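Undergrad: The following comprises the amino acid sequence and a computationally predicted model.
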Amino acid sequence: MELKDKVAIVTGASQGIGRAISIALAKEGASVVLASRNEAKLEETAQIIKSNGGTSLKIRTDVSREAEVKNMVQKTLETFRTIDILVNNSGIAGPTARCEDVTLEEWEETMAVNLRGPFLCCKYVIPTLKAKKSGRIIHIGSISSKRPLQNRTPYTTSKMGLIGFNRTLAVELGPFNITVNLICPGATAGERLDNVMTTMGKALGKSYEEMAAAFKALSPLDRFVNAEDIANMVVYLASDKAKNITGQDINVCAGIIMY
């Protein structure tokens, strides 16, 4: 197993990409700390991992709240004594509206989860990684980290901000043998994408089917990606095979973005 005896924290582990990442890391031998605001769905993820013979620890965490992030890291260290991998996956879609119609509260909530959250998780995990002079930090961004998304200014701004955060951390932490990378998923099949397409369709006067066709048409392969595709890349970046990859923003998007 690629990650035997490693300890990984995955935020947003209750569903979708975060759940797939958590399951994949556990299958490769890692003990996985599952963090999310949704306790019921966290339990579902934990049960899947258990059924596969893996180890996990659930910690209800709102990554936008410093005290809760600090508590999550402390409980991880109390239970497993170390941390090897941090996957910053938590994120929200934010509002679908023209910039002038976005409320300040909507803007700030999106930034709090999508940018403050990764910052806080890194802030409290980094000291452990530095002390052991090894580790992996992996951010989950979006193809919107690199291209506009109409009527989604808060979301796109937050995901573009992650690229700057990712690259700067890679420079800061390189001397400590810590790699820092970001994955940019394309349109990923699942409940969240369905909700986004429905909401955007209403804003643009288009049906769900029209939006789905439009999203797929952006891909040379004419298809969505799956959560497992993202999870496979996380496992690779977390492994020793990727020890010389850092500061990168890697697309897993069926070719929608090629830069």
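TA: On my side now, so go ahead.
Undergrad: how about the strands in the protein?
TA: 7-11, 31-36, 55-60, 85-88, 135-140, 178-185, 249-252 (DSSP state E).
Undergrad: For the fourth one, name the packing helices and strands.
TA: For strand 85-88, the elements it packs on are strand 7-11, helix 16-27, helix 117-132, strand 135-140, helix 227-238, judged by 3 or more C-beta pairs under 8 Å, 6 or more residues apart in numbering; DSSP states H and E. All C-beta atoms are positioned from the backbone trio N, CA, C, and that covers glycine.
Undergrad: now the ones you listed as CSV including mean pLDDT, mean neighbour count and distance to Lys50?
TA: Below are these laid out as CSV (pLDDT from 0 to 100; neighbours: other C-beta atoms under 10 Å; distance: least, C-beta to C-beta, whole Å):
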stretch, mean pLDDT, mean neighbour count, distance to Lys50
strand 7-11, 98, 29, 16
helix 16-27, 97, 25, 9
helix 117-132, 98, 19, 24
strand 135-140, 98, 26, 24
helix 227-238, 98, 21, 18
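Undergrad: Ok, which of these comes nearest Ile49?
TA: Closest of these to Ile49 is helix 16-27, at 4.5 Å (criterion: C-beta to C-beta).
Undergrad: pull the CA atoms of the closest one into CSV?
TA: In CSV, the C-alpha atoms belonging to helix 16-27 read as follows (Å, rounded to 0.1, in the frame of the first residue of the first chain):
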residue,chain,number,x,y,z
GLY,A,16,-18.6,13.9,-3.1
ILE,A,17,-14.9,14.5,-3.9
GLY,A,18,-14.0,14.6,-0.2
ARG,A,19,-15.6,11.2,0.5
ALA,A,20,-13.9,9.7,-2.5
ILE,A,21,-10.5,11.1,-1.4
SER,A,22,-10.9,9.8,2.1
ILE,A,23,-11.9,6.3,0.9
ALA,A,24,-8.9,6.2,-1.5
LEU,A,25,-6.4,7.3,1.1
ALA,A,26,-7.7,4.7,3.6
LYS,A,27,-7.5,1.9,1.0
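Undergrad: Mind pulling up the pLDDT for the closest residue to Pro220 other than its chain neighbours?
TA: Of all residues not flanking Pro220 in the chain, Gly255 sits nearest, at 4.1 Å (C-beta to C-beta, 6 or more residues apart in numbering). On pLDDT, Gly255 comes in at 95.
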